[in-house]
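# my questions concern the predicted model and sequence given below.
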Amino acid sequence: MADTQKTATEEVVAGAPVKAVLVGRAMKSQTRLRVSKRAVVAAQGALTYLLREIVDGTKSAAEIDLKKKALPKHVQRAVSTDPELRALSAHWLLRNPAEVRKPGSEAQPSAVKAAGTRKRSVDVTSHQFRSSIKRIAREKDCALATAAMDTLATIAAEITADLTGRADEVAQKDSKKTIQAADVRAAVEGHLPGELKVHTVKAIETALAEAPQETS
């Protein structure tokens, strides 16, 4: 029964542009706690929604400049000109929202460092999100220059790492040994502003509703 349940869960999340197996791998690289399957689904739902918002803004910025392909500066503009996305960058992505780090550059200090988290490995994992970015860009009919794709992949890795760190912090406060979906939701509710928080929580709820419950 457990094997059947695992297969069913993987099938449900497989339709999302950001794959659960990738999110789970990235989360596990950032914490010493165990990570439940439903915590992965919750993080997958949150990350997918946030990336779609950023790609939407990136496309709009490129269109304003009459560019056929979005550049890193359009990603930056998408984040910096939207008040809630700018708050996201301040909370999670970068200490200096005026900079969007490219893969391979020096890592920025994390906004949060939970006691049980491992050393961040964003530069190692960011390239793994390139396929996810490509799928979302196709959804949004947004052509991306390679450098813009790399920038968005790094942002995806940054969001996942910091979301995991905050969920780890929540779990440890409750003396848990496993990060659960509720911890991911609490991390979002505690650190995202306004409508961005509302819609991200809704995306988490939708993802969890579509994924089968884990068996005990």
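Ah, there it is. Note that the structure is predicted; figures quoted are calculated from it, not measured.
# and the residue nearest in space to the middle of the chain, how far is that from Arg130?
Centrality entry for the chain: nearest residue to the mean C-alpha point is Leu47, 3.2 Å, by CA atoms, centre = their mean. Distance from Leu47 to Arg130, counting by CB to CB, to the nearest Å: 14 Å. For the C-beta atoms, the positions are set from N, CA and C on the backbone; glycine is no exception.
# in a strand, the residue nearest to the centre of the chain, correct?
No - per DSSP: H, G, I helix; E, B strand; the rest coil, Leu47 lies outside any strand segment and is helix.
# flag the shaky bits of this protein, pLDDT-wise.
For the chain, residues meeting the criterion pLDDT under 70 lie at 1-15, 90-125, 214-216.
# quick one: the helices in it?
Here the chain has its helices, by DSSP state H, at 2-14, 20-28, 37-64, 72-80, 83-88, 122-125, 130-139, 146-173, 181-191, 194-210.
# now do the buried residues in the second one.
Along helix 20-28, these residues count as buried under the neighbour rule (16 or more other CB atoms under 10 Å): 20, 22-24, 26-28.
# before we move on, back to that, quick check: phi and psi on the closest residue to the residue nearest to the centre of the chain other than its chain neighbours?
Closest residue in space to Leu47, ignoring its immediate chain neighbours: Val18 at 5.4 Å, by CB to CB, 6 or more residues apart in numbering. Dihedral pair for Val18: phi -100, psi 120, per degrees, to the nearest 10.
# and Asp174, by the same measure?
phi -100, psi 10.
# you'd agree the residue nearest to Leu47 is up against Leu51?
Yes - the pair Val18 and Leu51 passes the contact test of CB atoms under 8 Å, sitting 6.9 Å apart.
# so what's in contact with those two at the same time?
Shared contacts of Val18 and Leu51, defined by CB atoms under 8 Å, 6 or more residues apart in numbering, comprise 132, 136, 156.
# just give me the closest of those to His199.
Ile136 (15.6 Å; CB to CB).
# thought the closest one was touching Glu53?
No - in this structure, Ile136 is not within contact of Glu53 by CB under 8 Å, at 10.1 Å.
# quick one: which of these two has more around it?
Ile136 (23 against 19; other CB atoms under 10 Å).
# show me the contacts for the more buried one.
So Ile136 contacts 17-18, 48, 51-52, 55 (CB under 8 Å, 6+ apart).
# filter these to the buried ones?
Buried residues within the contacts of Ile136, counting neighbours by 16+ other CB under 10 Å: 17-18, 48, 51-52, 55.
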